[in-house]
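J.: Coordinates for the following, if possible.
(chains A and B)
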Amino acid sequence: MSIRLSNHFLARRLHSLSGVVPIGAFLLEHFYTNFHAVAGATAFNDAVKGIQGLLPGVLLPLAEAGLIGLPILFHAVYGLYIAYSGKYGVASYNPIRNWNYVLQRATGIILFIFILSHVLTLRFGVGDLAVAHNPDQSFSIVERWMSQPLVLGFYVLGIFSAAYHLANGLWTFAIVWGITVGAKSQRVFSYACAGLGVIVFAVGIGAATAFVKWVPWYGGN
Amino acid sequence: MSRDKIVLKIKRQEGPGKSAKWEEFSIPYKPNMNIISCLMEIQKNPVTTQGQKSTPVTWDCSCLEHVCGACSMVINGRGQQSCSTLVDKLDAGTITLEPLSKFPVVRDLQVDRSRLFNDLKKAKAWIPIDGTYAMGPGPRMDQETADLRYLLSTCMSCAVCMESCPQYNEKSAFIGPAVLNQVRLMNIHPTGKLNQDERLDAIMQDGGITDCGNAQNCVKACPKEIPLTESIADLGRQTTIRGLFGWLKS
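T.: Numbers count the residues shown, from 1 in each chain, chains lettered A, B, ... in the order given. Sure thing, here's the model as predicted:
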């Protein structure tokens, strides 16, 4: 018997997939690049330069928009709709999983705002220079932003949300696609995802704080 | 818990679409009462604790032995069967009774669960075996499948899983854990397998398998301890395979 895939099924599964590839994969790459700041301003600027030289001419912005921008936009907008369609405050039968359910949606909404402002400021240069277009000054641009306590606080929240959303999203991804079917495999995988979340959070915070003067691993002079 | 009288706070509603109000009743304590025997006691003399004459509280029930699922209601904030919820096992203090919140109220503690029935029909949760002639014995079932199917088949459509599910509400078309579990039950039956793709296609529509949010309340709320989340994940696998490769058959 032939099948007509419903748009609903397709959209939901694409939402689940896009969170892991390319968005999750990009997050890992992004944090890895940022972590160069711990090795110093030059290392960070070189890493930015390296990415800017990955593809020639208009191919890079096209790849950015198509492979990262669009998937994030789809994941974010469709995710907001999913968050809206839930009914919160049901009596807590399974407290841990219930909190994860609520937090996944809360961090999603935080990330929507955070990524929007993050991209507008650092990628497109609203309020200061754009990091991507000024690789030589990349470190000092970010340093200027991070020197504002409110901005730093906002980034800690954003990095936590991203690490959490990826780790918990990966856990539900495995259920959605039918990889972890049994209760035991789901439990074991939850430890693995939690571990990944902690590592991603540590790397992200380590990178962000490397731009802050009073931190021991400050990457500047 | 010992007590000399039982106080019940009940959410009353005269009919569909009418506004709800709370009423409190007090009845003499007797050992070994369940919620239904409390409601029957109120029927004898429906006067509130404030001394106001009221009407008998209505509710649904049938088997009275935790098998039919008809008597589900929200007892002390949790969806449960009123037949198997024993007063002696509840904390002392007022017992609150509310109708299931995910379905339209008919009156008092009675709700209209047509949505659940329609979703079972949508998911084709049956095995079509009727024909014009005898088709002989069906294929044999291995013991492992039989054991699992027995557990899955204990679902009584009581709707407690839907009550606990944040994804099951008036804003979404989600068919809920119980209906998905029925699809798994039918799909792993040797004869039911013959129509497995029809059921998978049905749950790959709006409100189907993809609308689960993995809050995993259902599996904790289920009074029959059915591994609902495993059923959902298993259908996740079946629909993944059907979604990825099914269209290549055409």
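J.: Quick check on the residue nearest in space to the middle of chain B: phi, psi?
T.: For chain B, the residue sitting closest to the mean C-alpha position, by Cα atoms, centre = their mean, is B:A159 at 1.7 Å. Here the main-chain torsion angles of B:A159 (degrees, to the nearest 10) amount to phi 70, psi 10.
J.: so what's it up against?
T.: Counting by Cβ atoms under 8 Å, 6 or more residues apart in numbering or on different chains, B:A159 makes contact with B:69, B:72, B:79, B:100, B:102-103, B:113, B:116, B:176, B:178. C-beta here means a position set from N, CA and C on the backbone, and glycine is covered the same way.
J.: again, but for A:D46
T.: Contact analysis of A:D46 by Cβ under 8 Å, 6+ apart lists A:H36.
J.: List the contacts of the strand or helix carrying B:S231.
T.: Remark: B:S231 resides in helix B:228-245, with elements defined by DSSP states H and E. Among residues not part of helix B:228-245, those counted as contacts by Cβ under 8 Å, 6+ apart are A:3, A:5, A:9-10, A:13, A:175-183, A:186, B:152, B:161, B:177-178, B:180-181, B:183-185, B:187, B:196-197, B:200-201, B:203-204, B:209, B:212, B:214, B:216, B:218-219, B:222.
J.: ok, now stretch A:123-136?
T.: Contacts with stretch A:123-136, where a contact means Cβ under 8 Å, 6+ apart, come from A:45, A:48-49, A:52, A:120-122, A:137-138, A:141-142, A:144-145.
J.: May I have the distance across that stretch, first residue to last?
T.: Distance across stretch A:123-136, first residue to last, is 15 Å (Cα to Cα, to the nearest Å).
J.: quick check: mean pLDDT across it?
T.: Stretch A:123-136 carries an average pLDDT of 93.
J.: where does the residue nearest the centre of chain A land in three-state SS?
T.: In chain A, the C-alpha closest to the average C-alpha coordinate belongs to A:A162, at a distance of 4.2 Å (Cα atoms, centre = their mean). Recorded secondary structure, A:A162: helix (DSSP: H, G, I helix; E, B strand; the rest coil).
J.: re earlier: which pair of the contacts of B:A159 spans the longest distance?
T.: Every pair in those was compared (Cβ to Cβ); the two farthest apart turn out to be B:G69 and B:K102, at 14.2 Å.
J.: and which of the contacts of stretch A:123-136 is nearest chain B?
T.: Distances from chain B to the contacts of stretch A:123-136, taken as Cβ to the nearest Cβ, are shortest for A:L120 (30.4 Å).
J.: Pull out the buried residues from stretch A:172-191.
T.: For stretch A:172-191, the neighbour count (16 or more other Cβ atoms under 10 Å in any protein chain shown) marks A:172-178, A:180-181, A:186, A:189-190 as buried.
J.: Sorry, wrong one. I was asking about stretch B:33-52.
T.: By neighbour count on 16+ other Cβ under 10 Å, the buried set for stretch B:33-52 is B:33-42, B:48.
J.: which stretches of chain A aren't confidently modelled?
T.: Scanning chain A with the threshold set as pLDDT under 70 gives A:1-4, A:91.
J.: Output the set of residues of it in proximity to chain B.
T.: For chain A, the residues found near chain B under the criterion Cβ under 8 Å from any Cβ of the partner chain are A:1-6, A:8-10, A:12-13, A:82, A:84-88, A:90-94, A:97-98, A:100-101, A:171-172, A:175-183, A:186.
J.: Got a ChimeraX select line for the buried ones in these?
T.: Selecting only the buried entries of the residues of chain A next to chain B in ChimeraX, with 16+ other Cβ under 10 Å as the criterion:
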select /A:3,6,8,9,12,13,82,85,86,90,92,93,94,97,98,100,101,171,172,175,176,177,178,180,181,186
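J.: how much space between the residue in chain B positioned nearest to chain A and B:V179?
T.: Scanning chain B for proximity to chain A using Cβ to the nearest Cβ identifies B:R237 as nearest, at 2.4 Å. Using Cβ to Cβ, to the nearest Å, B:R237 is found at 18 Å from B:V179.
J.: neighbour count winner among these two?
T.: Between B:R237 and B:V179, counting by other Cβ atoms under 10 Å in any protein chain shown, B:V179 is the more crowded of the two (27 against 16).
J.: What strand or helix carries that one?
T.: In the assignment (DSSP H and E), B:V179 maps to helix B:177-187.
J.: What of B:R12?
T.: According to DSSP H and E, B:R12 maps onto strand B:5-13.
J.: what's next to that strand, contact-wise?
T.: Surrounding strand B:5-13, the residues in contact under the criterion Cβ under 8 Å, 6+ apart are B:19-29, B:33, B:38, B:42, B:49, B:54, B:57, B:87, B:93-99, B:105, B:107-109.
J.: quick check, distance from the helix holding B:V179 to the centre of its chain.
T.: 13 Å (Cα atoms, centre = their mean, to the nearest Å).
J.: mean confidence score for it?
T.: Along helix B:177-187, the predicted local confidence has a mean pLDDT of 98.
J.: continuing past that helix, what's the next helix or strand?
T.: Moving toward the C-terminus from helix B:177-187, the next helix or strand (DSSP H and E) is helix B:196-203.
J.: which residues touch the helix or strand that that following helix is followed by?
T.: Counting by DSSP H and E, the next helix or strand C-terminal to helix B:196-203 is helix B:218-221. Outside helix B:218-221, the residues within contact range by Cβ under 8 Å, 6+ apart are A:93-94, A:183, B:78-79, B:160-161, B:163-165, B:176-177, B:226-230.
J.: among these, which ones are buried?
T.: A residue is treated as buried here by neighbour count (16+ other Cβ under 10 Å); on that basis the buried members of the contacts of helix B:218-221 are A:93-94, B:78-79, B:160-161, B:163-165, B:176-177, B:226-230.
J.: which two in these are spaced the farthest apart?
T.: The most distant members of the buried ones among the contacts of helix B:218-221, if one measures by Cβ to Cβ, are B:R78 and B:E230, lying 22.2 Å apart.
J.: And chain B, split by domain according to the record?
T.: In terms of domains, chain B is parsed into B:5-111, B:114-249 (source: automatic domain parsing).
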